[in-house]
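J.: Structural data only, the sequence is not supplied:
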């Protein structure tokens with residue numbers, strides 16, 4: 001159905017010229033019609049969109065812009081670069097957009113929303129081998145693909161939000177029962193306060209939220225076995241950099257990677273922290289005297305074996 005517009009005389013542009021009676025190629029009023037242009041609503045050579053007489057089958061640029069939800073400036077730009085040119089102009093110089101013009105604007109908007117640059121959009125729309133219906137099929141397929149990707153991103157964010165708000169789903173009593181009487185439930189809150197803004201904490205929280213008490217019992221048992229192996233290997237005098245020590249370092253890194261992805265560079269950073277942080281140092285040395293420094297050396301040697309300088313390693 002044609003838009004409900006006030007009828008008025010409409011003079012289309014002459015094919016190939018773009019020139020109107022009394023209007024130059026740039027849209028400026030010629031000398032002979034200057035005063036007439038002011039009376040018709042043209043100021044300084046520019047039609048004062050959106051006010052102006054239009055035909056019953058077209059929209060002025062202001063009304064077209066309002067209809068599709070973009071700015072008049074955008075439509076002016078698209079006209080200038082030949083992306084969407086109005087089918088004609090009124091006797092006063094107003095751009096007039098037909099139903100076909102508006103349909104093209106909508107196709108441009110969809111392609112732009114999909115991330116296509118304007119130059120490519122123009123080539124796509126002017127492809128002689130593709131008709132309007134084929135553009136709709138193509139755009140629908142692209143939009144469905146994008147919706148699928150966005151839904152996947154939303155689900156990932158939802159999981160992160162849930163994980164960050166839940167984390168370990170164990171009561172304080174369950175934590176002490178599983179991790180031992182030396183465990184302090186407050187440590188979880190302290191760790192979140194210290195690292196809660198990091199990507200690694202988000203990974204930990206997401207993984208922790210999915211673990212059952214039985215899962216945590218397995219994690220605790222593996223950690224206890226690893227601690228015993230560290231202490232026994234240190235007592236046996238195994239040298240850092242040996243195959244046995246490197247294998248143990250990888251086992252230690254794998255235990256951390258249960259909670260968040262730990263690279264060799266990150267592992268070296270943690271080894272430095274074990275020595276520098278009194279709490280970590282006291283914990284490891286309580287398992288075996290001097291274990292903290294030995295473990296650092298073991299992790300450093302393993303990092304070097306994987307091409308990482310532990311002295312300059314950074315948290316990735």
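T.: Done, it's in. Because the structure is a prediction, the values reported are computed rather than measured.

J.: can you give me the helices for the stretch 1-150 of the chain?
T.: 34-39, 61-68, 72-80, 99-113, 118-125, 132-166 (DSSP state H, counting those that start in this stretch).

J.: roughly how far out does the longest one sit from the chain middle?
T.: The one in question is helix 132-166. Its chain's C-alpha centre and that of helix 132-166 lie 12 Å apart, by C-alpha atoms, centre = their mean, to the nearest Å.

J.: can you check the fifth one too?
T.: The gap between where helix 118-125 is centred and where its chain is centred comes out at 25 Å by C-alpha atoms, centre = their mean.

J.: Please identify the most buried of the helices of the stretch 1-150 of the chain.
T.: Highest mean neighbour count of the helices of the stretch 1-150 of the chain: helix 61-68, a mean of 19 (counted as mean count of other C-beta atoms under 10 Å). Glycine gets a C-beta too; all of them are placed from N, C-alpha and C.

J.: what angle separates it from helix 72-80?
T.: 110 degrees (axes from the mean of the first three to the mean of the last three C-alpha atoms, to 10 degrees).

J.: So for helix 61-68, mean pLDDT?
T.: Helix 61-68 shows a mean pLDDT of 92.

J.: now swap in stretch 236-255 and tell me
T.: 96.

J.: which parts of that stretch are buried?
T.: 238, 240, 241, 245, 246, 248, 249, 250, 252, 253, 255 (16 or more other C-beta atoms under 10 Å).

J.: which one of these sits closest to residue 141?
T.: Ranked by distance to residue 141 (C-beta to C-beta), the buried residues of stretch 236-255 are led by residue 253 at 44.1 Å.

J.: ok, now which ones touch the closest one?
T.: By C-beta atoms under 8 Å, 6 or more residues apart in numbering, the contact list for residue 253 reads 262, 264, 267, 299, 302.

J.: For it, give its distance to residue 137.
T.: Per C-beta to C-beta, to the nearest Å, residue 253 is found 51 Å from residue 137.

J.: re the thing from before, which of the contacts of residue 253 tops the neighbour count?
T.: residue 299 (27 neighbours; other C-beta atoms under 10 Å).

J.: I figured residue 300 was touching residue 310, is that so?
T.: Yes: the pair residue 300 / residue 310 is scored as a contact, 3.9 Å apart, by C-beta atoms under 8 Å.

J.: Can you pull the residues that touch both of the two?
T.: Joint contacts of residue 300 and residue 310 (C-beta under 8 Å, 6+ apart) are 268, 271.

J.: Run through the stretch 51-200 of the chain and note the low-pLDDT ranges.
T.: 51-57, 156, 158-171, 175, 178, 184-189, 192, 196 (pLDDT under 70).

J.: buried stuff in the host helix or strand of residue 295?
T.: Residue 295 belongs to helix 291-305 when assigned by DSSP states H and E. Residues of helix 291-305 classed as buried: 291-292, 294-304 (neighbour count, 16+ other C-beta under 10 Å).

J.: with the residues you listed in mind, which one is nearest to residue 314?
T.: The closest of these, once distances to residue 314 are taken by C-beta to C-beta, is residue 303, at 12.0 Å.

J.: and the gap between the residue lying closest to residue 297 once chain neighbours are set aside and residue 250?
T.: Take residue 297 and drop its neighbours on the chain: the residue closest to it by C-beta to C-beta, 6 or more residues apart in numbering is residue 240, 4.0 Å away. Using C-beta to C-beta, we find residue 240 at a distance of 13 Å from residue 250.

J.: again with residue 94
T.: As defined by C-beta to C-beta, residue 94 lies at a distance of 74 Å from residue 250.

J.: give the contact list for residue 148.
T.: Residue 148 makes contact with no residue, according to C-beta under 8 Å, 6+ apart.

J.: Tell me the confidence at residue 284?
T.: 93.

J.: you'd agree it is up against residue 296?
T.: No: the pair residue 284 / residue 296 is not scored as a contact, 9.3 Å apart, by C-beta under 8 Å.

J.: Overlap in contacts, those two.
T.: Shared contacts of residue 284 and residue 296, defined by C-beta under 8 Å, 6+ apart, comprise residue 274.

J.: hang on, the residue nearest to residue 297 is in a strand, isn't it?
T.: No: according to DSSP: H, G, I helix; E, B strand; the rest coil, residue 240 belongs to no strand; its state is coil.
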